[in-house]
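Engineer: Compute the structure for the input listed below.
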Amino acid sequence: MLYPTYMRRSDPFALMRSMLRDADRFTPSFAARPAFPAVNVWQSDEAVAITAELPGVDPADIDIHVKDDVLTISGERKAPELPENARWHRNERGYGKFSRAVRLPFAASDDKVEARMTDGVLRIVVGRPEEDKPKKIAIKAA
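Structural biologist: Modelled structure (predicted):
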């Protein structure tokens, strides 16, 4: 691309905007997409809770695995079928296989994991093992 050096003096940033437009054309579209699914993670003394936004995903198409201290959510969001002779005017939602891994602050086992899907939001609660829970130390009087 050839960029003229004689730009109008009233707009000193015109050349920069022109170069950024050209760079955007050659940047892959997947680079601008955020990670899917979006997750929130928080913990208490008893458990870690993870929520994942999965609109349009059937719970049967989701797999949840725990190995050591990593919880993995994977699955597939299927594209809707278009009627014959229909075409997309705008297609911003991503479709296909996905996978997200979340590192837990402790090693977890499968029997301490509960998952529930409500209104497109997957909520996973991972219970902390008894030996890993914080213990209160009693202070003895002298």
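Engineer: tell me the helices in the protein, going along the chain?
Structural biologist: 14-26 (DSSP state H).
Engineer: low-scoring stretches of it, by residue?
Structural biologist: Counting by pLDDT under 70, the chain contains low-confidence ranges at 1-10, 12, 24, 27-34.
Engineer: how about Ile73, what does it touch?
Structural biologist: Counting by C-beta atoms under 8 Å, 6 or more residues apart in numbering, Ile73 makes contact with 37, 39, 50, 52, 62-64, 99-102, 122, 124. To be clear about C-beta, it is placed using only N, CA and C from the backbone, and glycine gets the same treatment.
Engineer: What residues are bridge-paired with it?
Structural biologist: Ile64, Arg100 (DSSP bridges).
Engineer: what about Leu122, distance to Lys140?
Structural biologist: From Leu122 across to Lys140, the span is 46 Å (C-beta to C-beta, to the nearest Å).
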